[in-house]
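Student: Just need the structure, nothing else, for what follows:
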Amino acid sequence: MNATSDVLDRYRTLGLHIATAESCTGGLVMAALTDVPGSSDVVDRGFVTYTNAAKVQMLGVAQTTLDTYGAVSEQVAQEMAEGALARSDADVAVAITGIAGPGGSEFKPEGRVCFGIAIKDHATATETIEFGPLGRANVRAQSVQKSLDLLLNAADI
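Tutor: Reported below is the predicted structural model:
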């Protein structure tokens, strides 16, 4: 089994549905989930909100949160996850926002990715991972794997 199949099988068994809110991964988590036949009974929808405007318009992220903390922050990841949950029929939503590279800054380096996991009737959890300057493709791939891990762990709550 792989992580994607494990997530889908676990959610199918529990009768739960998934939504995603993705920025730096550009829909790769949703692509991984929907690459598996039969995923439609678990996957509800995905939001690709690459720009700040999309985060505000599609997920309800507060402009003040973006202005205060920046798009790559746990605060924005939290609001993205909560927005995806509120705007879907899902039971669990995962959010990803980060700097895949190249580039970054002294304050927000390449490879910094913030995650949010929102579960109906539970507090939203957030986490930041410093993947480092692994290159764009590797940061995105690691972010997908982390998102799948978060989804799998969320099924146990």
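
Student: what about residue 77, how many residues close to it?
Tutor: 31 (other C-beta atoms under 10 Å). C-beta here means a position set from N, CA and C on the backbone, and glycine is covered the same way.

Student: which ones are touching it?
Tutor: Residue 77 sits next to 95, 96, 97, 114, 115, 116, 126 when contact means C-beta atoms under 8 Å, 6 or more residues apart in numbering.

Student: Tell me which residue of the chain is furthest from the middle?
Tutor: Going by C-alpha atoms, centre = their mean, the residue of the chain most distant from its centre is residue 106, 24.0 Å out.

Student: In strands only, show me the contacts of residue 77.
Tutor: Those of the contacts of residue 77 mapping onto strands are 95, 96, 97, 114, 115, 116, 126, per DSSP state E.

Student: out of those, which is most surrounded?
Tutor: Neighbour tally across these (other C-beta under 10 Å): the maximum, 35 neighbours, falls on residue 95.

Student: surely it meets residue 22?
Tutor: Yes. Under the criterion of C-beta atoms under 8 Å, residue 95 makes contact with residue 22 at 7.4 Å.

Student: where in this structure is pLDDT low?
Tutor: Scanning the chain with the threshold set as pLDDT under 70 gives 1.

Student: Spatially central, which residue of it would that be?
Tutor: The chain, centroid-nearest residue using C-alpha atoms, centre = their mean: residue 95 at 2.3 Å.

Student: residues touching that residue, list them.
Tutor: Taking C-beta under 8 Å, 6+ apart as the test, what residue 95 contacts is 20, 21, 22, 77, 78, 80, 81, 84, 115, 116, 117, 118.

Student: a strand runs through residue 133, doesn't it?
Tutor: No. Checked against DSSP: H, G, I helix; E, B strand; the rest coil, residue 133 lies outside a strand; its state is coil.

Student: Show me the helices in the chain, by range?
Tutor: Here the chain has its helices, by DSSP state H, at 3-14, 28-34, 52-59, 63-69, 74-86, 136-154.

Student: mind checking which of those helices is nearest residue 110?
Tutor: helix 136-154 (7.4 Å; C-beta to C-beta).

Student: Give me the contact list for that closest one.
Tutor: Residues outside helix 136-154 that contact it (C-beta under 8 Å, 6+ apart) are 3-4, 6-7, 10-11, 18, 20, 24-26, 28-29, 32, 92, 94, 96, 98-102, 110-111, 113, 115, 117, 119, 127, 129, 131, 134.
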